[in-house]
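Peer 1: dropping a prediction and its sequence here:
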Amino acid sequence: MSGVPFDPEATGVIPRVTAEAPAEDDADLADTTTQLRLPPKGPIQIGTPPTPGPAVPVDAKPATPPKGDPAAAQGTYPAQATAPGTAGQSASPPATPPPGTPSQSTPPPGTPSQSTPPPGTPPQGTAVPGTSARPAARGSGANAVPPAAHGGGSGPSGAQQSAPRRRGVAPAQAAPPGGAQTAQAAPTQAAPPRTTPPQAAQPQLAAKVRGIAGLVQSAPRWLPALLTVEGLVMYILALRVSPGPLRGVNPADIDGLGLISALPISAFAAILIMLVSFFVTVAQSTDRKFLLLFQIACITFALHGAGALVATEPRFPTAYIHAGFVDFISRTGETAINIDARMGWPGFFALFAFVTKAAGITDLTTILNWTPLLTNLLYLLPFVLILRQVVATTRARWFAALLFVLVQWIGQDYFSPQGFTFALYLAFVAILLRWFGKVEPRTKPIAPKGLRKLLGRLDAMTPGELANTGTYRADKLIMLVIMLVLFFAATASHQITPFMMLGVVTAFLLFKRTKLTWALPFFLGLVVLAWVSYQAVGFWAGQIDAIFGGLGRIFDNLQRNTGDRIEGSDPAHALVLQARLGILAVILALAATGLFRRLRRGVFDRAALILLCVPVMALGLQSYGGEIGLRIYMFALPGACLLAAYAFFPNLPADSADVREETVPLRKRNVRFNPELTRKLSVVLAAGFAVLFAVSFLVARYGNEKFERVTSGEVAAMRYIYDHDKPSARVVYMTPKLGPETTPILPWGEKDLEYINWNYQGEVYKDPTRTEGVIKKLKESERNTFLVVSRGQVGYLQLNEGYPADWGERFRAALDANKEIKKVYSNADAAVYIWGKFVKGTEIPDPIPYTGREDPTSPWTPVGLAALGVTWAALFGYEVIRLNGPNRAPKARRRLLFLAIPAFVVAVGVIIERFIYIALNN
C-alpha cells in the first residue's frame, strides 16, 4: 500500500489507494497456512524409537511481519516453523523424536496426565505459565472438554497433530489413544468444586467498555442531530411558556430594540446550540444532505418563526389588506383596480381566493400567522438546487444556505405577492442553471494588452458553474414550459419580479452561461410590456408620472431608501436601522472577499456575480414607494450569500469519489499557512460570523415589533368597524405629515373592502394636547367616518418620529375630553371615535363603485393583440426547435424569425401608441 501522505488542502494531487503485489522474498507471506511434509505412510509406534530415516523438511520460511504492519498485531500472519528443539515456537513437533527422548504424546513415568489434572491444579480456563492462553474448554461443569483432548482439530485423529498454529495460538498437544474418554471422565472423578475466578467477569466488562467507546467514537454521527432537536425543543419552550425567570416572553418588555429585548436567555442558548450542531456536521468530511437541511430548517424555524410563536394575532398590518383582497375576489369573482393599484396584478390574490374557496376556508388567521416561516422554508428548496449547480465544496454550499437564512431580515416574506413571487424567482433561476446551464472553455487567444486582455484572462479561468449534461430533449421542453409558467405567474402577481427574471436571463446570455437563445428574453419582455399595457391600464392611465417619474434618478431613489429611514430620535430604534445597514455592509464585504479569493484560485463565478449585480440595476427605475432598496437587497441575496461563503471556503472540491468533501487549490503558491490549521480556522471564523448574523437578525428583523406586532385589541376595533360599515364607511388614521405614500399602521382592510375607504388621513403633532388635525378631518368627512387610535400607530410615531413615550395615553385623554366627538369603542390597545354633531337623519353616502367604466383603449389595440399572438408563437417555436441543438432545422428557424421580427416590431409599436394615446386622453 502506498505510503504517500494525503494533504488535500496543500496539493492538487488526489492519491489513489492501490494494492501492491508482494515481493518475491515475501511471496510465502501471502499464504495463510504452513505446509509440512508428513512422514511415509505406515504405522507409527508411540513411545519406541522410530525407524531411522531422513528428517522431515519444513516448507515454510520464518514469517516475520514487516515493521509497522497492523496485521502483526492482529495475529493474521501464518505460523512460523522453527528449528526442532525450540520450546513453544515450532509450528509442529518433530515427526520422529531422537532416541531416548520422551514422546510428547506419552508422558514419562510419574508425570501426571494432561487429561487428568492432579490435585491443586488450577481450574480450566486459567492460564498456566509457559503455555499459550486459549479459550475456555467447550462445555461447562463436569462435561467440559479441554481443547487438548481434541488434538487441536475436529477429532482425535493423529493426522491433525501437526495442524499449524494460526493467529498466534499454539497448536494443541496430541492426546494419547483414548485420551478423549479420559478427558471426559477425569473431571468427574478428580476435579475440585468449580469456582468462578475474578477474571471471568472481565470479558463482560471489556465488552461494555468497548460498547461505550464505540458510542463515543460514533458521536459525530448522532450528536449533531440530537443537539439540533434539543435546541429546537428548548427554543419552543423558551418562547411559549408563561413569562418567568430565564423563560417566556412578556410583550410589555418590548422596547425600541424590538423583540430581542424581551427574549429570555434560554432562547439565545437554544439558537447557539443549533448553530454549533450545524458546524459540527459541516466540519465532518462527508455530505450529510438530509441532516444539514434539517438543521438549517430548524434554525429557520427559530429565527423566522419567532413572531408566530410569540404573537396572539398575525403580525405585520399589511398582511390584513392582502387577506381583504383575497376575500373580495372570492366573494365577487372580480378585481377592482380603482380600489387599490395592487389589484392590477391579482395573480397571487386570485390563486388564494380559489384555494380557500375550494377548501372551504373562511378565516385566514392561521395562514397569515405562519406564512413568514413557511415561505422561508420554501425558499430553501430552490436555493439549495442553485447551490448544487456551482463548483464549490460541501462546506461552502451549506454555509451559503445558512447565510441566506441569517441575513434575510427585510420582512417581505409575509402574506404578500412579493414573498410569493420571490419563491418563483428562485425556482426560475434554479431551472435556468440546472437544465439550461452552459460551460464552454475559451478557445480564442487572449489579447496582448488592454481591457481585452483582462476580460480574456477572466474568460479563460475555471468556470464556477457546473455544465448541464445528460438531459433529454423532453425534459428540457418540460422545464422550458415550467419556466414560462413561472414567469407568467410572476408577471400577473407582482410589478418588479418579472423584470428581475428577465434581467437574469439576459445576463446569462451575455456571459454565455445558458444554452437558450435570444428569442427567450424578447418573448419574456413582450409578456411584461403587454401585461402593463393591457391589464394594468387602470393603474397608469391617469398617473404616468408615478411609473416613469423615477427613471434615472438613482441618488434620489437611494436616499429615499436609506437616509430617510434612519430618521427618528429613539436611540434604541436608531440601532435597529443601523444594524440593518451593517448587515448589508458586512455581507457585501464578505462577497467581495469571496470573489477575490476565488479569482486568486483561478475561478470566475459568473452566475453568482449575475445574481448579485442584476437586481442593483432596478435602482435606476423608481423608488417603488420608498422600498426599492429593500427589494434590491432581497433579490441580490442569493448571489451575495454564495460569494460570501467563498470568503471562508474558496477552494474547489476534490475530483475523486474517494474523497467526498476535501478541497484542493489550483495553485500551490496560494497556500500561505498550514492547510489543516487554515481549514479549522475557516470553520471557526464562519461559525463566529454566523452567531453574529443570528443576533443581528433578531435586531433587524424584529426591531419594529412595537408597531408591526398586531394585538387582539386592535383586531377587535377593526371588527367593530366591519360591523358598522353599511352602506359605507371611512376610516381616519393618524400620520405626522400628510402624503400619498403613507399607509395605516393598523390591521386594516381584512373585510368589506368595497365598503370602507381607508384613504383619510388626520395630522397629529408631538404635543398630545393638540387634536385639531384629526378633529378637522372628522368634521369635514361624511357621516359614518371613524377615527382609530391604536397601539401600533402610537408606537410608530414614538420610534420613527420622536413622539413622547406617554403620547398615546395623553392623546386619548385629550380626545375623550373633547365634547364634539364621541367614543364608540375602546379597549387597552385601541379606541374608535366618530363626529358627534351630525344632524339627526343625515344620510350615509353610498359606497364608491368598484367596477368603474371600461378600461381605456386605442385605435390600434386590435392590431397589437394579433401581433402579440404571432410573435409569441413564432419565438416559442424557434426556442423549441433550438433545444435539439444549434444545427437542427436551420431553415425552419429562419422562417420563424422572419415571421417573429416584424410581428414583434408591430406589437411594441402598438404598446407605445397605447401609452401615448391613453395618457393624452385621460
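Peer 2: That came through, no problem.
Peer 1: figure out how far stretch 821-829 is from the centre of its chain.
Peer 2: Centre-to-centre, stretch 821-829 and its host chain are 47 Å apart (Cα atoms, centre = their mean, to the nearest Å).
Peer 1: which parts of the chain are strands?
Peer 2: For the chain, the strands defined by DSSP state E occupy 35-36, 58-59, 462-463, 603-604, 652-653, 663-664, 729-735, 756-763, 785-790, 821-826, 830-835.
Peer 1: who does the fifth one touch, helix- and strand-wise?
Peer 2: Pointing back at strand 652-653 there. Judged by 3 or more Cβ pairs under 8 Å, 6 or more residues apart in numbering; DSSP states H and E, the packing partners of strand 652-653 are strand 663-664. Every residue, glycine included, has its C-beta placed from N, CA and C.
Peer 1: from the middle of its chain, how far away would the helix ranked longest in the chain be?
Peer 2: The longest helix of the chain (DSSP state H) is helix 890-921. In terms of Cα atoms, centre = their mean, the gap separating the centre of helix 890-921 from the centre of its chain is 43 Å.
Peer 1: ok, now stretch 270-290?
Peer 2: On Cα atoms, centre = their mean, the centre of stretch 270-290 falls 11 Å from that of its chain.
Peer 1: list the buried residues in that stretch.
Peer 2: Judged by neighbour count using 16 or more other Cβ atoms under 10 Å, the buried positions of stretch 270-290 are 270-284, 287-288.
Peer 1: of these, which belong to helices?
Peer 2: Short answer: those in helices (DSSP H) are 270-283.
Peer 1: ok, those vs residue 461, which is closest?
Peer 2: Closest approach to residue 461 among those (Cβ to Cβ): residue 282, at 26.7 Å.
Peer 1: excluding its backbone neighbours, what's nearest the closest one?
Peer 2: Of all residues not flanking residue 282 in the chain, residue 395 sits nearest, at 5.2 Å (Cβ to Cβ, 6 or more residues apart in numbering).
Peer 1: next, count neighbours for that neighbour.
Peer 2: Residues near residue 395, counting by other Cβ atoms under 10 Å, number 25.
Peer 1: go on, the one 10 residues further on?
Peer 2: Residue 405 has 25 neighbouring residues, counting by other Cβ under 10 Å.
Peer 1: next: residue 864.
Peer 2: Residue 864 has 21 neighbours, counted by other Cβ under 10 Å.
Peer 1: how much space separates it from residue 695?
Peer 2: Separation of residue 864 from residue 695 (Cβ to Cβ, to the nearest Å) stands at 54 Å.
Peer 1: same question, residue 767
Peer 2: Between residue 767 and residue 695 the computed distance is 38 Å (Cβ to Cβ).
Peer 1: do residue 847 as well
Peer 2: 49 Å.
Peer 1: same question for residue 846.
Peer 2: Using Cβ to Cβ, residue 846 is found at 54 Å from residue 695.
Peer 1: same question for residue 642.
Peer 2: Using Cβ to Cβ, residue 642 is found at 23 Å from residue 695.
Peer 1: of these two, which one has the most company?
Peer 2: Neighbour totals were compared for residue 642 and residue 695, and residue 642 leads with 31 against 15 (other Cβ under 10 Å).
Peer 1: didn't the more buried one look like it was pressed against residue 390?
Peer 2: Yes - with contact defined as Cβ atoms under 8 Å, residue 642 reaches residue 390; the gap is 6.6 Å.
Peer 1: which residues are common contacts for these two?
Peer 2: Residues touching both residue 642 and residue 390 (Cβ atoms under 8 Å, 6 or more residues apart in numbering) are 605, 608.
Peer 1: mind putting the strands of the chain into CSV with mean pLDDT, distance to residue 685 and mean neighbour count?
Peer 2: Below are those laid out as CSV (pLDDT from 0 to 100; distance: least, Cβ to Cβ, whole Å; neighbours: other Cβ atoms under 10 Å):
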stretch, mean pLDDT, distance to residue 685, mean neighbour count
strand 35-36, 42, 62, 14
strand 58-59, 42, 63, 14
strand 462-463, 88, 25, 18
strand 603-604, 90, 20, 21
strand 652-653, 84, 20, 20
strand 663-664, 48, 16, 22
strand 729-735, 94, 46, 23
strand 756-763, 92, 50, 18
strand 785-790, 95, 45, 25
strand 821-826, 93, 55, 16
strand 830-835, 94, 48, 22
